[in-house]
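Novice: Sharing a model that was predicted from the sequence below.
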Amino acid sequence: MRLVCISDTHSLHDRMPPIPQGDLLIHAGDCTGSGLLPQIHEFARWMGAQSHPHKILVAGNHDFCFDKKLRGSNMSAWAREFCEQNGITYLRGESVSIQGINFFGFPWQPIFRHMAFNARAAELRGRLRIVPDDTHVLVSHGPAYGVLDFIPNEDRHVGCQALAKRIEQLPNLVAHICGHIHEGHGFFERKTDGIKFVNASICTDRYKPTNKPIIIDL
């Protein structure tokens, strides 16, 4: 299966580089600039119009209307409905199996300002326990600590330590796809176990949508 990975388009999807063909288009969050329902509606129509047979979306910290804590269950239900109406599988702590490959979507990240899907360390650990052991591809908005999470201007790694630990516990994992840290855009395949790591942020640190989508074959 060919996975085409994008993330952090921030309502600038119509200006990003061309999207390659593939079996599955994955968006790892921050599809909007400010998480308003009209932005989700417009994005869902755009993503749904792409030619990929399957599509998966995980929300990000800018996608407020998906966050029940901040915007209520009705708004998050409407946002999900927009996705479903356009043939997009929205995953919020949920799994889906496509062509025998199990995907799990995880939008939460360590607290970052007053944004969507913020979670403290204990909550992150609790939520990560529900990631099934048979997960093949984990799609989270934020990166794991130490992998494609480095911010040069701050000279530090900012990924999630609890997520990094859970990745080590998943016996069937073959790929982890994320975004959130724009500076971390890229691909890394770990030699010890062959897990493929992708930071698919399309926007640069200056919010220019010029990074290219990343393709991985499973």
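Specialist: Great, that's in hand.
Novice: Show the contacting residues for the residue nearest the centre of the chain.
Specialist: Central residue of the chain (CA atoms, centre = their mean): residue 28, 1.8 Å from the mean position. Residues near residue 28 by CB atoms under 8 Å, 6 or more residues apart in numbering: 5-8, 58, 60, 139-141, 177-180, 200. C-beta: built from backbone N, CA, C; applies to glycine.
Novice: mind redoing it with 6 Å?
Specialist: When contacts are counted by CB atoms under 6 Å, 6 or more residues apart in numbering, residue 28 touches 7, 58, 139, 141, 177-179, 200.
Novice: pLDDT score for it?
Specialist: For residue 28, the model assigns a pLDDT of 98.
Novice: And it, how close does it get to residue 153?
Specialist: Counting by CB to CB, to the nearest Å, the gap between residue 28 and residue 153 amounts to 22 Å.
Novice: try residue 51
Specialist: 38 Å.
Novice: for residue 182, same thing?
Specialist: 11 Å.
Novice: In terms of packing, which of the two has more residues around it?
Specialist: residue 182 (21 against 7; other CB atoms under 10 Å).
Novice: Go ahead and confirm residue 71 touches residue 65.
Specialist: Yes. Assessed by CB atoms under 6 Å, residue 71 is found in contact with residue 65 at 5.2 Å.
Novice: Enumerate the positions of stretch 92-101 that are buried.
Specialist: 92, 98, 101 (16 or more other CB atoms under 10 Å).
Novice: Make CSV from those residues and add pLDDT, distance to residue 169 and secondary structure to it.
Specialist: Listed next are the buried residues of stretch 92-101 as CSV, based on pLDDT from 0 to 100; distance: CB to CB, whole Å; DSSP: H, G, I helix; E, B strand; the rest coil:
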residue, pLDDT, distance to residue 169, secondary structure
92, 97, 21, coil
98, 98, 23, strand
101, 98, 19, strand
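Novice: Name all residues that make contact with residue 173.
Specialist: residue 195.
Novice: One more: residue 2?
Specialist: With CB under 6 Å, 6+ apart, residue 2 has these contacts: 22-23, 217.
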